[in-house]
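Chemist: 3D, please:
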Amino acid sequence: MGKSMQELANMFIASLEGNVKETTLKGYKVCLDSFNRYLIANDIGEPLESDIQGYNTYLNNSEDIQSAGTKNRYMR
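Modeler: Numbering: from 1, shown residues only. Next comes the predicted model:
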């Protein structure tokens, strides 16, 4: 079995350390953590394009995220 999304996200963040600003790392981590929580909540082990579209729909319909800018940032 391959690495989990969280493991892949952690590897990605670690690969950037020292090469980008700390605020950039934190921003990426917040966005990746949000996506990972969505995957877990929806029992998605290997996301497909349709799952990413579903995540986008989830963000657009989320009452927890009010700002359009925040929603857009999560989909970078």
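
Chemist: can you tell me the closest non-neighbouring residue to residue 3?
Modeler: residue 11 (7.5 Å; CB to CB, 6 or more residues apart in numbering). For glycine as for every other residue, the C-beta is placed from the backbone atoms N, C-alpha and C.

Chemist: swap in residue 75?
Modeler: Using CB to CB, 6+ apart, the closest residue to residue 75 is residue 56 (5.7 Å).

Chemist: phi first, then psi, for the one you found.
Modeler: phi -60, psi -40 (degrees, to the nearest 10).

Chemist: tell me how many other residues surround it.
Modeler: 14 (other CB atoms under 10 Å).

Chemist: surely it and residue 65 touch.
Modeler: No: using CB atoms under 8 Å, residue 56 is not in contact with residue 65; the gap is 11.9 Å.

Chemist: now the residue nearest to residue 75: how far from residue 46?
Modeler: The gap separating residue 56 from residue 46 is 18 Å, by CB to CB, to the nearest Å.
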